[in-house]
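Participant: Can you look at this prediction? I've put the sequence above it.
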Amino acid sequence: MNASPAELAPLWADHLPATPIGPLTVVVSPVGLVRLEFAALPAASARLRAWLAPVGQPAPGHLADALRQLAEYLDGNRREFDLPIDWRAVPDFSAAALRAAAAIPCGQVRTYGELAAEMGLTNGARAVGQAMASNPIPIILPCHRVLGADRRLHGYSGLNGIETKAWLLKLEGSTFQSQLF
């Protein structure tokens with residue numbers, strides 16, 4: 001399924017205004033997480049204004065859970081997330097690739113080709129790379145654990161790009177040594 005924000009609405013958003021990798025805004029539907037943006041709440045809310053729940057309508061508990069778990073992870077006190085994901089807006093192939101990325105243990109990495117092979121695909125590295133690049137919930141769905149065929153970091157949507165990707169891998173205690181470590 002590939003639902004629009006209107007089909008997922010109402011949506012709620014809240015943020016961690018100051019983290020080691022910049023402000024992070026989490027967006028949820030009644031079903032689960034929809035987005036994680038490397039942006040302050042006002043900027044993210046402005047883009048979603050039409051679909052946000054009315055002021056005063058209580059948010060689902062998984063919004064507070066997501067913020068708590070994200071803060072614990074960024075403090076080095078959490079290695080796995082236990083949060084519901086609203087997959088309705090994610091194309092089927094991307095959802096499969098992101099689920100495969102979520103199965104990579106914390107501190108480990110795979111190449112796009114290795115992840116494609118784990119999914120049973122031959123010559124699927126580019127498709128996996130596109131799925132990682134369009135990840136609506138980075139960090140929680142850990143696309144940062146996926147590397148290029150040369151085992152180097154390539155692109156990242158977070159603030160400061162691959163420097164943030166390298167920082168997340170270092171936080172996880174990855175034995176991978178990037179060009180930035």
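Facilitator: Looks like it came in fine. Fair warning: this is a prediction, and the values are worked out from it, not measured in the lab.
Participant: Just the buried residues of the longest helix seen in the chain, please?
Facilitator: Assignment by DSSP state H gives helix 61-74 as the longest helix of the chain. Within helix 61-74, the residues that count as buried by 16 or more other CB atoms under 10 Å are His62, Leu63, Asp65, Ala66, Leu67, Gln69, Leu70, Tyr73, Leu74. To be clear about C-beta, it is placed using only N, CA and C from the backbone, and glycine gets the same treatment.
Participant: Packing partners of that helix?
Facilitator: Counting contacts by 3 or more CB pairs under 8 Å, 6 or more residues apart in numbering; DSSP states H and E, helix 61-74 packs against strand 12-16, strand 24-28, strand 33-37.
Participant: What lies in contact with the last one?
Facilitator: Read it as strand 33-37. 5, 8, 11, 24-28, 43-44, 62, 66, 70, 83-86, 89, 136-140 (CB atoms under 8 Å, 6 or more residues apart in numbering).
Participant: Can you name the residues that contact Val27?
Facilitator: By CB under 8 Å, 6+ apart, Val27 lies in contact with Leu11, Trp12, Ala13, Leu33, Val34, Arg35, Leu36, Glu37, Ala44, Leu48.
Participant: Can you tell me which of the helices and strands packed on helix 61-74 is most buried?
Facilitator: The highest average neighbour count among the helices and strands packed on helix 61-74, using mean count of other CB atoms under 10 Å, belongs to strand 24-28 at a mean of 27.
Participant: The residue located most distally from the centre of the chain: helix or strand, and which one exactly?
Facilitator: Distance from the centre of the chain peaks at Gly56, with 27.3 Å (CA atoms, centre = their mean). For Gly56, there is no enclosing helix or strand under DSSP states H and E.
Participant: What's the separation between it and Trp12?
Facilitator: Separation of Gly56 from Trp12 (CB to CB, to the nearest Å) stands at 11 Å.
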